[in-house]
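Asker: Structural data only, the sequence is not supplied:
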Ligand SMILES: [Zn+2]
């Protein structure tokens with residue numbers, strides 16, 4: 001089982017506030033899945049948790 005994504009807390013999206021507007025973006029860390037991806041099949045994915 002994958003752990004909840006630490007970037008988005010399992011939401012799959014992030015809210016970015018640039019001071020004027022808020023944007024809801026897909027979490028790049030988990031690609032919107034809300035789970036921390038396992039790296040077993042992603043050897044080219046680089047360092048986890050970034
Ligand atoms: Zn995430």
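Answerer: Nice, I can see it. Note that the structure is a prediction, hence the values are computed from the model and not measured.
Asker: Where does pLDDT dip in the protein?
Answerer: 1, 39-50 (pLDDT under 70).
Asker: most centrally placed residue in it?
Answerer: Note on the chain: the residue nearest the mean C-alpha position is residue 29, at 2.9 Å, using C-alpha atoms, centre = their mean.
Asker: I'd say that residue and residue 9 touch.
Answerer: No - here residue 29 does not reach residue 9: they are 10.9 Å apart, not a contact under C-beta atoms under 8 Å. All C-beta spots, glycine's among them, are computed from the backbone N, C-alpha and C.
Asker: Next to the ion in this structure, residues from this structure, please.
Answerer: 5, 7-8, 27, 29-30 (C-beta under 5 Å from the ion).
Asker: What separation is there between the residue of the chain most remote from its centre and residue 32?
Answerer: Residue distances from the centre of the chain (C-alpha atoms, centre = their mean) peak at residue 20, which lies 23.3 Å from the mean C-alpha position. Applying C-beta to C-beta, to the nearest Å, the value for residue 20 to residue 32 is 25 Å.
Asker: Residue 34 reaches residue 5, doesn't it?
Answerer: Yes - between residue 34 and residue 5 there is a contact under C-beta under 8 Å: 5.5 Å.
Asker: Those two: which has the busier surroundings?
Answerer: residue 5 (22 against 17; other C-beta atoms under 10 Å).
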